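Asks: below is the structure, and that's it, no one-letter string:
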């Protein structure tokens, strides 16, 4: 017999922790290899944690709504057969009492290891990364609070903490003043539930993802100075070209060719032309992004919203872009996105035309500085200029709505960028091969 430590797996570069939302298995349940044991949620996406071994769940180390750090042990699974060579396995030969004692000691050690550092007594905000470094270096809460932060609103960031650690020996130690009695923490006040006046209204609490989206939207409006530019685009050639090639494309590639990858290709090209739009803001600093990673807002069946990211979009041809758009869109609807699929975006595109909207004023996806809304394509009468003179004809047109952060993007850049996207779309070659 052997005991296996199920750990929270790595879920992307910037994901350091996750919240346990639901245990799919309970103590005593049999588990097959690759079977989901629990559901977790990051600040972007929900996912499942599968078991790497087959066996029986013997211990659960975290409860629902607990926050777990990447790499921490979350459960113990007892496996049958010989002892595995995996570093996650704890030997437990029943015949030898000393081995049993070692298993118990290892389990207790695992429990101690997974206990997160408690910085909740502080009124200051510290990121999970800062907390982890402080815990590893044995830095007390009093020391951490005394460090002068250079981040937004005086927050202590990774560099501040590493500089403090480097010079720690030459600085006077910060000693916490013992209190005569522990500071009483006021019990959290439950938010009052609205009451229906006439009794006919239904009151429903927002789900976890809706609460997150709500917080992000409000924070973005409070952070960025939103301003919009609108431009109308003639996409008649694109509509004709797609109608001509979409059947052959689907037969050859096994993928539908929508308008979205065509628009994404134009946006990626424009971002290369105007790298000032492919930036993010951190306090008083501008970060110029090397890669062009396009976020693609996708509506979920439950009415919520998620933004998967097409990495290095400027390096994809139209076939690759179509496959990436379809893959992320399908997995978003099926709830199968991985946390890394929503990380690293540098600019976002949202297709409001899917629901018939002509244009919109989208909210910026922080810490990016721009977002483009694609309006519905409509047949409209338009003036057509020819060498023989002007005449009225039916054209396929759409609006592009560009929201950008006026803190760092002025009208010249914001307007020129969306105009360049329009130029690429209107110059579409109707004889283009794919």
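Replies: Perfect, I can see it now. The structure presented is a predicted model; accordingly, all values stated were derived computationally and were not measured.
Asks: OK, contacts around residue 216?
Replies: 365-366 (Cβ atoms under 8 Å, 6 or more residues apart in numbering). Where C-beta positions appear, they are placed from N, C-alpha and C, glycine not excepted.
Asks: tell me which element it falls in.
Replies: In the assignment (DSSP states H and E), residue 216 maps to helix 208-223.
Asks: tally of neighbours for residue 80?
Replies: Number of residues near residue 80 (other Cβ atoms under 10 Å) recorded here: 10.
Asks: one step back: which elements pack onto whichever helix or strand comes after the helix holding residue 216?
Replies: For helix 208-223, the following helix or strand on the C-terminal side (DSSP H and E) is strand 226-234. Judged by 3 or more Cβ pairs under 8 Å, 6 or more residues apart in numbering; DSSP states H and E, strand 226-234 is in contact with strand 389-405, helix 411-426.
Asks: tell me the contacts of residue 49?
Replies: 6, 8-9, 36-40, 74.
Asks: local confidence estimate at it?
Replies: Residue 49 is assigned a predicted lDDT (pLDDT) of 86.
Asks: surely it is in a strand?
Replies: Yes - according to DSSP: H, G, I helix; E, B strand; the rest coil, residue 49 belongs to a strand.
Asks: and it, how close does it get to residue 407?
Replies: According to Cβ to Cβ, to the nearest Å, residue 49 and residue 407 sit 39 Å apart.
Asks: and what of residue 266?
Replies: Relative to residue 407, and taking Cβ to Cβ, residue 266 is found at 26 Å.
Asks: same thing with residue 282?
Replies: 12 Å.
Asks: neighbour-wise, which of the two wins?
Replies: When residue 282 and residue 407 are compared for neighbours, residue 407 comes out ahead with 14 against 11, by other Cβ under 10 Å.
Asks: does the more buried one really touch residue 224, like I thought?
Replies: Yes - assessed by Cβ atoms under 8 Å, residue 407 is found in contact with residue 224 at 6.5 Å.
Asks: residue 335 contacts residue 46, correct?
Replies: Yes - using Cβ under 8 Å, residue 335 is in contact with residue 46, at 6.8 Å.
Asks: those two: which is more packed in?
Replies: residue 46 (18 against 14).
Asks: right, and that one touches residue 20 too?
Replies: No - Residue 46 is beyond contact range of residue 20, at 11.3 Å (criterion: Cβ under 8 Å).
Asks: who touches both of those two?
Replies: In contact with both residue 46 and residue 20: 39-40, using Cβ under 8 Å, 6+ apart.
Asks: what's around the residue lying closest to residue 210 once chain neighbours are set aside, how many residues?
Replies: Ranked by Cβ to Cβ, 6 or more residues apart in numbering and with sequence neighbours excluded, the top spatial neighbour of residue 210 is residue 304, at 5.9 Å. By other Cβ under 10 Å, 15 other residues sit near residue 304.
Asks: much appreciated, bye for now.
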